[in-house]
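Chemist: Quick one, fold the following:
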Amino acid sequence: MTTASIFVGEFLGTAILLLFGGGVVAAHLLNKSKGQGAGWIAITFGWGFGVMAGAYFALPLSGGHINPAVTLGLAASTGEWSTVPVYLAAQILGAMTGAVLMWLTYFGQFRASDGPFLSIFSTEPEIRRPWQNLMTETIATFMLLFLVVATGQNEALALSGLGVLIVAFTVTGIGLSLGGPTGYAINPARDLGPRIVHQLLPISGKGSSDWGYAWVPIVGPIIGGVLGGLLGTVAHEMI
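Modeler: Residues are numbered from 1 along each chain as shown. Below is the predicted model:
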């Protein structure tokens, strides 16, 4: 993989993820949306399909990480860090682009609805206790990376689309089972990129971007991703 292919794959793949994922939340929450009130099941499957679509696109170009926690977890498990900055930059910029495209898609619905709108862009905890929220994000992301690495899906991701499908269903399962407390970022780019966009966009009544909480869905997934990558490698060698 070249630096250019990694950047293009991760940028566009993450943009697709955020367009799908942010889009399903917007469909659920905004007035005059045909999907209004679709509920948590629809949201988790929408994000799962977003992972599948984005990762399938990025697979031949970059390996289909579309998540800094995946990139860092795989780097920790393999010891290969040289391309990490390219992955991270592309993922953040791609997430910002996907969030802007989602806003443009639902422009009329945003204007027909009352804010605040941060929950459409980024995660917000149901119970605001940073240590608990951090623990939730760490555990959820740990499970993602542990299962990917321990079962060899990191190798499958580089070889075939089957690995992408398995990871997409794993993300959906994590959302259904572990996503309730925080909205399951499990991806620093997924939360940070749209939060920046929420801060910048001229949306009437959008409310606060809540930067005081923003560190939680960044630090938690990074800790969980690195630990999952390291312990997943140990488990993979034992299987």
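Chemist: packing partners for the longest helix along the chain?
Modeler: Longest helix in the chain by number of residues (criterion: DSSP state H): helix 3-29. Judged by 3 or more C-beta pairs under 8 Å, 6 or more residues apart in numbering; DSSP states H and E, the packing partners of helix 3-29 are helix 40-62, helix 84-105, helix 118-121, helix 188-200. To be clear about C-beta, it is placed using only N, CA and C from the backbone, and glycine gets the same treatment.
Chemist: Now whatever helix or strand comes next after the last one: buried residues?
Modeler: So that's helix 188-200. Sequence order places helix 216-238 as the next helix or strand after helix 188-200, per DSSP states H and E. Across helix 216-238, burial judged by 16 or more other C-beta atoms under 10 Å covers 216-218, 220-233, 236.
Chemist: what bits of the chain have low per-residue confidence?
Modeler: Counting by pLDDT under 70, the chain has low-confidence residues at 153-160, 239.
Chemist: Just the C-alphas of stretch 123-141, formatted as CSV.
Modeler: Output of stretch 123-141 as CSV, limited to C-alpha atoms (Å, rounded to 0.1, in the frame of the first residue of the first chain):
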residue,chain,number,x,y,z
THR,A,123,-21.9,10.9,21.4
GLU,A,124,-23.4,12.1,24.6
PRO,A,125,-23.6,9.9,27.8
GLU,A,126,-27.0,9.1,29.3
ILE,A,127,-25.4,9.3,32.8
ARG,A,128,-22.6,11.8,32.8
ARG,A,129,-19.9,10.3,35.0
PRO,A,130,-16.6,10.6,33.1
TRP,A,131,-14.9,7.6,34.8
GLN,A,132,-17.9,5.4,34.1
ASN,A,133,-18.2,6.7,30.5
LEU,A,134,-14.4,6.2,30.0
MET,A,135,-14.7,2.6,31.3
THR,A,136,-17.7,1.9,28.9
GLU,A,137,-15.8,3.2,25.9
THR,A,138,-12.7,1.3,26.9
ILE,A,139,-14.5,-2.0,27.4
ALA,A,140,-16.5,-1.7,24.2
THR,A,141,-13.5,-0.8,22.0
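Chemist: Could you pull up the residues touching R129?
Modeler: R129 makes no contacts at all, as judged by C-beta atoms under 8 Å, 6 or more residues apart in numbering.
Chemist: Distance-wise, check it relative to T123.
Modeler: 14 Å (C-beta to C-beta, to the nearest Å).
Chemist: now swap in I43 and tell me
Modeler: Counting by C-beta to C-beta, the gap from I43 to T123 is 12 Å.
Chemist: Neighbours of the closest residue to A90 other than its chain neighbours, how many?
Modeler: Closest residue in space to A90, ignoring its immediate chain neighbours: E10 at 3.6 Å, by C-beta to C-beta, 6 or more residues apart in numbering. Neighbours of E10 under the rule other C-beta atoms under 10 Å: 32.
Chemist: start at 18 instead
Modeler: With 18 as the first residue, the last one maps to E27.
Chemist: what's the distance between stretch 87-107 and the middle of its chain?
Modeler: Relative to its parent chain, stretch 87-107 has a centroid offset of 16 Å by C-alpha atoms, centre = their mean, to the nearest Å.
Chemist: Give me the contact list for it.
Modeler: Contacts for stretch 87-107 (C-beta under 8 Å, 6+ apart): 18, 20, 23-28, 31, 79, 82, 85, 108, 161-162, 165-166, 171, 204, 206, 239, 242-243, 245-247, 249-250.
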